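> Provided below are the primary sequence and the corresponding predicted coordinates.
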Amino acid sequence: MLLFRAKSLLYTKSLLLFFISSTLAYSLPSLDISCSPDPEFGQYCPTTCGIADYLQKYKPEADRELSFLENTLNQISNLTTGAHEKGIYIKESSLSGRKSAPQEVYLRKSNTMLEDILRFEKSIISQESQMYELQDLLRANDQRMVQLKQMAAQLEQRCQEPCKDTVTIQEITGKDCQEVANKGAKVSGLYFIKPTNAKQPFLVYCEIDINGNGWTVIQKRQDGSVNFTKNWIQYREGFGYLSPTGNSEFWLGNEKIHLLSTQASVPYILRMELKDWNGQTKNADYAMFKVGPEADMYRLTYAYYFGGDAGDAFDGHDFGEDPSDKYFTSHNGMQFSTPDTDNDKYLGNCAQQDGSGWWMNRCHAAHLNGKYYQSGVYTAEDAQPTGFDNGIIWVTWHDRWYSLKETTMKVIPINRINVAGGQQHGVKDFGGLGDI
Ligand SMILES: *[C@@H]1O[C@H](CO)[C@@H](O)[C@H](O)[C@H]1NC(C)=O
Ligand SMILES: *[C@@H]1O[C@H](CO)[C@@H](O)[C@H](O)[C@H]1NC(C)=O
Ligand SMILES: [Ca+2]
């Protein structure tokens, strides 16, 4: 009975853990998946860190319940030990009784029997009170079980409600969105992709156009709804939300961007798609875009500016303050920095000053993870306490005291660009052999 109870409690514990951890199942490529269920998430899929933040909210409660159970189990085990010790005591004393002084056999036998009977009676009385204690405990356990069941039911219900607001995750997969499009995907939306060296598939937003181009989107800004002041781990894992309609802000995550961009035999174009507060859009493309491994601090490299009408801000900019301005605001070859991990070329900490994660030099001429300012122009006053240009910047289009309204960073295999269908502005011809 005791054993059974203990077992069933442990079973509940593992069930509960399973239940909690099963909300992480979204990262697996099963096909009947819907996004996580919370009003805060709405129709959006939280990225890895989004899930972590969410679970963090339930963890204290679950921890409390579990430690209560643990304590109860300890008490039961302590009481059982007590009973066991009593048993040993009885046995030993009856043994020593038998060994004691040689007397008349019958008398000895009857005395011993009498003593045993008395001892057993005593022991039964004490066992009985222990039984009562155990019964109380079991009753308390039953109550906790009921409460836990209620809690599980509540959690389940919370999960089910927004699950009606299901997010469609498309079935086709591939090593990137282009492969997904090549396999026949026609609509933009959420897909699982698995780059060559990725251990697991992960969710991305694919932008697929009528020409069969499949862009994998790695960053999106559009309304300032997501705070981009995050630490190294959050930038590594990704944060914000992925939405099936593509209208949510996120950073896909450096590890995923690394896996995606370094797949053997697929040179990528990185496109920056920018929109200002007048609704005008421009873009900048970079060829052979790659993000290195974490061991190399997710270093950014590309071969050359491929084209676009927004200008080559990644090459740095001469702000007219110092001859080395351009050199020290270029981005090719820079490692990634976050407020808590300074890999920049500056004595201070650019990422901390600007409150963002980016390939900082000393510091930047392009800064798409910057702070979201609600109306273009901002001042050093607005950028307090540090007063540095920390907006969403692309200086070869608007100056550094102008923060853009919308940005998208997305990648596509380079050989798709010449068939992109009239979307290009001033793009170099690329297609024939040896054409560059
Ligand atoms: C069980 O016994 C151990 C050692 O005797 C003691 O440290 C612990 O507090 C006891 N636990 C409970 C729940 O009574
Ligand atoms: C963004 O997050 C950072 C770090 O958690 C915090 O210090 C800052 O106040 C947040 N900004 C806004 C506008 O919420
Ligand atoms: Ca530094």
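Done, it's in. Numbers count the residues shown, from 1 in each chain. Ligands and ions are numbered 1, 2, ... in the order given.
> got any ranges where the stretch 151-300 of the chain has weak pLDDT?
The stretch 151-300 of the chain contains residues with pLDDT under 70 at 159-166.
> which secondary structure element contains M272?
Using DSSP states H and E, M272 maps to strand 268-275.
> what about whatever residue of the stretch 301-436 of the chain ends up closest to ligand 1, neighbour count?
Across the stretch 301-436 of the chain, no residue is closer to ligand 1 than D340, which sits at 40.0 Å (Cβ to the nearest ligand atom). The C-beta positions use only the backbone N, C-alpha and C, and glycine is treated the same way. Using other Cβ atoms under 10 Å, D340 has 15 neighbouring residues.
> List the contacts of the closest residue to it other than its chain neighbours.
Once flanking residues are discounted, D340 sits nearest to N231: 4.7 Å by Cβ to Cβ, 6 or more residues apart in numbering. The contact partners of N231, taken as Cβ atoms under 8 Å, 6 or more residues apart in numbering, are 338-341.
> What is the nearest of the residues you listed to M409?
Here the nearest of the contacts of N231 to M409, counting by Cβ to Cβ, is T338; it sits at 16.9 Å.
> mind checking how far the residue nearest to the closest one when sequence neighbours are not counted is from ligand 3?
Closest residue in space to T338, ignoring its immediate chain neighbours: G357 at 4.1 Å, by Cβ to Cβ, 6+ apart. To ligand 3, G357 is 14 Å away according to Cβ to the ion, to the nearest Å.
> The single nearest residue of the stretch 151-300 of the chain relative to ligand 1 in helix, strand or coil?
Proximity to ligand 1, evaluated over the stretch 151-300 of the chain using Cβ to the nearest ligand atom, is greatest for M151 at 22.6 Å. Secondary structure, DSSP: H, G, I helix; E, B strand; the rest coil: M151 is helix.
> With L203 instead?
Put simply, L203 is strand when judged by three-state DSSP.
> Any idea what it is bridged to?
F192 (DSSP bridges).
> I am assuming it contacts G189, so please confirm or correct that.
No: using Cβ atoms under 8 Å, L203 makes no contact with G189, being 10.5 Å away.
> Between those two, which contacts overlap?
Joint contacts of L203 and G189 (Cβ under 8 Å, 6+ apart) are I169.
> about what we covered before: list the residues that contact the residue nearest to T338.
Contacts for G357 (Cβ under 8 Å, 6+ apart) come out as 228, 230, 232, 234-235, 251, 336-339, 351, 369.
> Can you show me the strands along the stretch 101-250 of the chain?
In the stretch 101-250 of the chain, the strands defined using DSSP state E, counting those that start in this stretch lie at 189-193, 202-208, 214-221, 239-242, 250-251.
> most neighbours per residue, which of those strands?
Ranked by mean neighbour count under mean count of other Cβ atoms under 10 Å, the strands of the stretch 101-250 of the chain are led by strand 250-251, which reaches a mean of 26.
> How far does it sit from its chain's centre?
Per Cα atoms, centre = their mean, to the nearest Å, the displacement of strand 250-251 from the mean C-alpha position of its chain is 11 Å.
> Please name the strands paired to it in the sheet, noting orientation.
Assessed with DSSP bridges, strand 250-251 is paired to strand 214-221 (antiparallel), strand 239-242 (antiparallel).
> Run through the residues of this protein sitting next to ligand 3.
Residues of the chain lying close to ligand 3 (Cβ under 5 Å from the ion) are 342, 344, 346.
> I figured the last one was touching Q352, is that so?
No: under the contact definition of Cβ under 8 Å, Y346 does not touch Q352, with a separation of 10.4 Å.
> Those two: which is more packed in?
Higher neighbour count among Y346 and Q352: Q352, with 18 against 15, using other Cβ under 10 Å.
> Tell me who's in contact with the more buried one.
Shown in contact with Q352 (Cβ under 8 Å, 6+ apart): 339-340, 342.
> Following the chain past the helix or strand encompassing it, name the next helix or strand.
Following DSSP H and E, one finds Q352 within helix 350-354. Counting by DSSP H and E, the next helix or strand C-terminal to helix 350-354 is strand 366-367.
> What mean pLDDT does that next one get?
For strand 366-367, mean pLDDT rounds to 98.
> And for stretch 410-428?
Summarised as a single mean, pLDDT over stretch 410-428 is 67.
> Could I get the full set of helices for this protein?
Along the chain, the stretches classed as helices by DSSP state H are 2-22, 48-99, 105-163, 177-182, 232-237, 254-261, 325-328, 350-354.
> Which elements pack onto the fourth one?
Which is helix 177-182. Secondary-structure packing of helix 177-182 (3 or more Cβ pairs under 8 Å, 6 or more residues apart in numbering; DSSP states H and E): strand 189-193, strand 202-208, strand 214-221, strand 406-413.
> ok, 6 Å please
On a contact count with 3 or more Cβ pairs under 6 Å, 6 or more residues apart in numbering; DSSP states H and E, helix 177-182 meets strand 202-208, strand 214-221.
> what's the answer for the longest one, then?
Counting by 3+ Cβ pairs under 6 Å, 6+ apart, the packing neighbours recorded for helix 105-163 are helix 48-99.
> Pull the distance from the helix it packs on to the chain's centre.
What separates the centre of helix 48-99 from the centre of its chain is 34 Å, taken as Cα atoms, centre = their mean.
> ok, D315 to I393 distance?
Separation of D315 from I393 (Cβ to Cβ, to the nearest Å): 14 Å.
> Can you give me the domain boundaries for the protein?
Domains of the chain are assigned by automatic domain parsing as 2-163, 177-419.
> Chain neighbours aside, what residue packs nearest to D382?
Excluding its sequence neighbours, the residue lying closest to D382 (Cβ to Cβ, 6+ apart) is Y373, at 6.7 Å.
> tell me, how many neighbours does the one you found end up with?
Neighbours around Y373, by other Cβ under 10 Å: 21.
> Count the neighbours of W359 for me.
Neighbours of W359 (other Cβ under 10 Å): 26.
> Please name the residues that touch it.
300, 331, 334, 336 (Cβ atoms under 6 Å, 6 or more residues apart in numbering).
> Wait, the second one touches F314, no?
Right, the one you point to is H331. Yes: with contact defined as Cβ atoms under 6 Å, H331 reaches F314; the gap is 4.4 Å.
> So for those two, which residue has more residues nearby?
F314 (25 against 21).
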